[in-house]
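Q: The sequence and its predicted three-dimensional model are supplied below.
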Amino acid sequence: MKTMGNSNGIKAHLVNVAPNLYRHAVSKEYYGWKKIAGKQRLHALGSADRKTADGKLSEWLRDLAVVDTTAKDLTVGGLLERFLSARAGRKEGTRITENAIANVFKRTFEPGMGMLVARVKASALLTWLSEQGESRNWKNRTYNRRRLFLSQMFGLAVADNAISEVQNPFKTQIIRAKRKEKVFRRIPTPDQFQTIVESIRAQKCNAQHDDSADFVEFLGLAGVGQAEASALRWADVDFDSARINLIRRKTERDYYVPMYDWLRPFMERLRERAGGKPAHDERVFKIDDAKHALGNACKRLKLPHFTQRNLRAMLIKRLHDAGVNVKLIAKWQGHQDGGRLIMEVYTEVFGDNDATMEAAELAKAAGKIIPFQAAA
C-alpha cells in the first residue's frame, strides 16, 4: 500500500486503498488526494464508511474538474470586488443600491473579507442576513434584496468556476426569501391635494415655491412619476393631439398620457409663464423633484406624509373610480401588462369604495336580469 509523504501529521498516517482514495491508519477516516497543476490536493471525505467515501470522492473529483484551480485562493473580499466590477454596466439606481449593500457587508460579515470563498458556509450567510435584518429592522422586501445580492455574488463565483455548484454556500432551500408584505398606500383626497399645492405656493420665503408647487401639481394632475416629470421638455407636450409624450424610466419605453380636461388649463398656464412659445428643448420644470417641499407642506398641514408616488396613485384611483378601463389606465402609466400590475398593487386603494361600487353594479343588473319564478 502506498503511504503518502509525511509533510504533515495527517499525511504520515494515510495509506492508499484505491485510486485517489486514502484511509487514515488511526481514525479510519477516508481522504481524497489528487495532484492538479503540480500541486497536491488533500480533502477529508468525512466518513469511515467505504461506500459513503466512494460517493463523496466521486463528487469531490467532479468538482475539481470544474473548478478553476487558479481561483482557489479567491477571498470573499476579492469576490465582492469582482461582482461590483461585473455590475458596472447596470442602471445607476441598481449600482447605488448594490454599493450600499456591499459597504455594509464588508463591515459586518463576521467571517471577514479574508475568508476563502470555498470555505464560506450557508450558515454564515444566513446569520448575516438574520442579524442585520433584526438590528436594522429590515422590511421583508429589504431582506429579499440583500438575499438577492448574496445569491448573485456567489452565483458569479460558480459561473467563474472559482467554486462548484456543490460548494456554493448560497443554498436556496436554507436561505429562503420572505413573503412580500402588503403595502398600504396613503393617498391624498382631491381636497388635501389642492391644499398641499396652495400651501407650497404660499411659502414666499422659498425661492422655488412656484416651481415646487407646479411640479407637485403636475404629478397629481397627470399621474406620472417624478423621474418622468423632471425629464419633460416642451417638445413632448403636444397641444394639438392633446397628449404628453413620456419615457418610462424603469423600462425606457415610450408612452403618453392624455391632456385631461383638468390638466390642459394647467399646461396652458405653464406655457404662458414660459413666454408663450418656449423652445422645444427647454425643460418644462426647472427642478428635478419636490419631495422636500411636499414633505414640509404635509407637516404644516398635519397631514400624513404623502410622497410624490402617492400623487400618481391618487390620479390612478380617481380614474378607476370614474370607471375608466384598467387596461387603459395601465397604458397611460407606461405598463405593458394590460392592467395586471395596477390591480395587484392598488387593490387596497381601490377597495376604499367597494361598497359603493357593488351597489352601483347591482343597480345596473336590477333591471336586466329576469327574476326566478317560484314553483307552483
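A: Noted; the coordinates are in hand.
Q: what about the helix or strand in which Cys298 is found, average pLDDT?
A: Assigned by DSSP states H and E, Cys298 belongs to helix 291-300. Averaging pLDDT along helix 291-300 gives 96.
Q: neighbouring contacts of that helix?
A: 196, 199-200, 203, 206, 208-209, 212-213, 215-216, 226, 303-308, 311 (C-beta atoms under 8 Å, 6 or more residues apart in numbering). Where C-beta positions appear, they are placed from N, C-alpha and C, glycine not excepted.
Q: Make a ChimeraX selection of whichever of those residues turn out to be buried.
A: To isolate the buried ones among those in ChimeraX, judged by 16 or more other C-beta atoms under 10 Å, type:
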select :196,199,200,203,206,208,209,212,213,215,216,226,303,306,307,308,311
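Q: Show me the contacts of helix 291-300 that map onto helices.
A: 196, 199-200, 209, 212-213, 215-216, 226, 308, 311 (DSSP state H).
Q: and this protein, what are its domains?
A: 9-66, 76-159, 190-361 (automatic domain parsing).
Q: Is it possible to get CSV of those that adds distance to Lys178?
A: Converted to CSV, these look like this (distance: least, C-beta to C-beta, whole Å):
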stretch, distance to Lys178
domain 9-66, 31
domain 76-159, 4
domain 190-361, 18
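Q: thought Asn20 was touching Leu61?
A: Yes. If you go by C-beta atoms under 8 Å, Asn20 and Leu61 touch, sitting 6.5 Å apart.
Q: Common neighbours of the two, please.
A: With C-beta under 8 Å, 6+ apart, Asn20 and Leu61 have common neighbours 32, 34.
Q: Could you list the low-confidence segments of this structure?
A: The chain contains residues with pLDDT under 70 at 1-9, 36-38, 64-72, 183-184, 345-376.
Q: quick check: longest helix of it.
A: In the chain, taking DSSP H as the definition, the longest helix is helix 140-159.
Q: buried ones in that helix?
A: Buried residues in helix 140-159, counted by 16+ other C-beta under 10 Å: 143-144, 146-147, 149-151, 153-154, 157-158.
Q: Show me where the stretch 151-300 of the chain has its strands.
A: Remark: strands assigned in the stretch 151-300 of the chain by DSSP state E, counting those that start in this stretch are 237-238, 243-248, 253-258.
Q: So for Lys51, which of these sits nearest?
A: strand 253-258 (58.2 Å; C-beta to C-beta).
Q: Partner strands of that closest one and their direction?
A: Strand pairing for strand 253-258, determined by DSSP bridges: strand 243-248 (antiparallel).
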